[in-house]
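In: Pasted the sequence and its predicted model underneath.
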Amino acid sequence: MTMNLKKYPHKLLVKLYFDMLRINKVQLHIESLYHLDEMKTPIHLSIGQEAIAVGVCANLRQNDYISSSHRGHGHYLAKGGDLKRLIAELYCRETGCSKGRGGSMHLVDTSVGHMGSSSIVGGGIPIGTGLGLATQMKAEDRVSVIFFSDGAADEGALYESINFAILKKLPVIFVYENNQFAVCSHVSARQAGEIIFHKTPHDAMPSQAVNGNSVMDVYEATKQAVMRARQKSGPSFIECKTYRVRGHAGAGSDEKLGYRTAEEIREWEAKCPVRAFSEILLRDGVLNETEIQIMEETIDCEIDEAFRFAQRSPLPKPEDVTKYLFCD
Ligand SMILES: Cc1ncc(C[n+]2csc(CCOP(=O)(O)OP(=O)(O)O)c2C)c(N)n1
């Protein structure tokens, strides 16, 4: 990346790095303990995709909305979701963000505008579009960001939602995290490619593809989209090109499955967005090694505390099994 960082506030650059490092470390910790089978939930790790959640959410205010997917740990944390309640949710505890009923695919923290993640692929897209509509109808000053990946982009719900968002000029930002795979199926086997997403007339819905492993590229693209939404000019579409380095679900690599090569995975691991950004920050003197070390230790302590909180929290009571099924 040749981008000149001098124009950015120091505080912003440090925050972008800290947030990516934190999301990365939280997920590595989850992964390292997953084999104990104490987290009774499937997990979908977004290791390697940290720059997208962080680059997008750094442009958002607390009252802006996001809707997320099954691979949503990063979105939740980047939007300010509570770490303890995230880990407690993975341990299915009453103190979890969904009171232990949802597991890792059903994260939510409405206090920071995280309006929920969905295990239904593409399910968050119409929800996020509806949040944009609600915002417009109530004449509120909010933006609604929808995170979804290439499997969801195969679905009709995306095209219906884009159409509606353009028609109504909704303050919606479609963030397409193209990590190239839906389970074992490569995106090239399912989609006609860029001709689909990047051909809307600019005034209807600007659309761009960026390097999803570059936090500054994602940040810049989102900044423009947020400005457009706040000016009530309508939706934007951002494709963030990235790669899922871990297996579809669970811990570890899935290279033995044979749908992609180990070399390809290694190539993308070498493009780790967290490491890439640390190298730039060190090179440009934004941070030094000691400061990074202190960040690492701070995050490690916070993670240990969150896991202790989760492990010591009570499970939901059996007699409460029907609680929270319906709203009052
Ligand atoms: C409507 C629906 N169809 C199928 C599934 C099963 N499923 C779960 S995750 C997944 C792949 C999703 O791929 P993508 O949207 O690219 O997200 P990624 O896992 O790559 O982050 C599928 C097919 C589902 N949960 N919901």
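Out: Yes, it's here.
In: quick check, stretch 170-186 touching the ligand?
Out: Yes. Legend: contact between stretch 170-186 and the ligand by CB under 6 Å from any ligand atom is shown at 179, 181, 182, 183. To be clear about C-beta, it is placed using only N, CA and C from the backbone, and glycine gets the same treatment.
In: The closest residue to residue 39 other than its chain neighbours: how many residues sit nearby?
Out: Spatially, and ignoring its direct neighbours in sequence, residue 39 is nearest to residue 90 (4.4 Å; CB to CB, 6 or more residues apart in numbering). Residue 90 has 25 neighbours, counted by other CB atoms under 10 Å.
In: Who are the contact partners of residue 90?
Out: 30, 39, 41, 43, 96, 103, 104, 310 (CB atoms under 8 Å, 6 or more residues apart in numbering).
In: Over to residue 78?
Out: Counting by CB under 8 Å, 6+ apart, residue 78 makes contact with 19, 23, 53, 54, 56, 57, 58.
In: which one of the residues you listed is nearest the ligand?
Out: Distance to the ligand across the contacts of residue 78 (CB to the nearest ligand atom) is lowest for residue 53, with 12.0 Å.
In: is any part of the host helix or strand of that closest one close to the ligand?
Out: Using DSSP states H and E, the element containing residue 53 is helix 50-57. No. Helix 50-57 does not reach the ligand (CB under 6 Å from any ligand atom); its nearest approach is 10.9 Å.
In: Could you tell me the average pLDDT over that helix, please?
Out: Across helix 50-57, pLDDT averages out at 98.
In: who does whatever helix or strand comes next after that helix pair up with?
Out: For helix 50-57, the following helix or strand on the C-terminal side (DSSP H and E) is strand 65-68. Each strand paired with strand 65-68, and its direction, by DSSP bridges: strand 114-117 (parallel), strand 144-149 (parallel).
In: quick revisit: format the contacts of residue 90 as JSON lines; extra columns: secondary structure.
Out: Below are the contacts of residue 90 laid out as JSON lines (DSSP: H, G, I helix; E, B strand; the rest coil):
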{"residue": "30", "secondary structure": "helix"}
{"residue": "39", "secondary structure": "coil"}
{"residue": "41", "secondary structure": "coil"}
{"residue": "43", "secondary structure": "coil"}
{"residue": "96", "secondary structure": "coil"}
{"residue": "103", "secondary structure": "coil"}
{"residue": "104", "secondary structure": "coil"}
{"residue": "310", "secondary structure": "helix"}
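In: Before I go, just wanted to say thanks for your time.
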